[in-house]
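*Asks:* turn this into a model:
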Amino acid sequence: MANKSLRWSDKALEENRKLLDYLLNEWGDEITSRVNEQIEKTANRIRQTPYQFPVFLKRKNVHRCVPSNIYLL
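*Replies:* Alright, predicted model coming up:
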């Protein structure tokens, strides 16, 4: 199956930037890199199989994912 396109909302992009800035300031490069890698892996899962995530806007066929558990080990 071909990957679907993935568009981040402005809010999601801003939250992601804030998270990575915070992690960089508080925890350094290694942890920030690990978290960013997990976010990218989740984004790839969404691209491959978006229908495993709940519909957020039905009329636009928009699904959402709120990553809550990021494992760093």
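*Asks:* SS state for Lys4?
*Replies:* Classification of Lys4 using DSSP: H, G, I helix; E, B strand; the rest coil returns coil.
*Asks:* contact partners for it?
*Replies:* Counting by C-beta atoms under 8 Å, 6 or more residues apart in numbering, Lys4 touches 46-48, 50. C-beta coordinates here come from the backbone N, C-alpha and C atoms, glycine included.
*Asks:* go on, Leu23?
*Replies:* Leu23 touches 31-32, 35, counting by C-beta under 8 Å, 6+ apart.
*Asks:* thinking again about what came up before, now, of the contacts of Lys4, which are buried?
*Replies:* Among those, those classed as buried by 16 or more other C-beta atoms under 10 Å are 46, 50.
*Asks:* about what we covered before: and which of the contacts of Leu23 is nearest Leu57?
*Replies:* Taking C-beta to C-beta as the measure, Leu57 lies nearest Val35 of the contacts of Leu23, at 26.9 Å.
*Asks:* next one: that closest one, what pLDDT does it get?
*Replies:* Val35 is assigned a pLDDT of 91 by the prediction.
*Asks:* doesn't Leu19 make contact with it?
*Replies:* Yes: in this structure Val35 lies within contact range of Leu19 using C-beta atoms under 8 Å: 7.3 Å.
*Asks:* and those two? Which one has more around it.
*Replies:* In this view Val35 and Leu19 are compared by other C-beta atoms under 10 Å, and Val35 has more residues nearby, 20 against 16.
*Asks:* okay, that one and Arg64: tell me how far apart.
*Replies:* Val35 is 19 Å from Arg64, where distance means C-beta to C-beta, to the nearest Å.
*Asks:* measure Val66 to Val35 for me?
*Replies:* 15 Å.
*Asks:* please read the previous query as pertaining to Arg7.
*Replies:* 21 Å.
*Asks:* run through the neighbouring helices and strands of the helix or strand containing Ala43.
*Replies:* According to DSSP states H and E, Ala43 maps onto helix 29-48. For helix 29-48, the elements it packs on are helix 10-27, judged by 3 or more C-beta pairs under 8 Å, 6 or more residues apart in numbering; DSSP states H and E.
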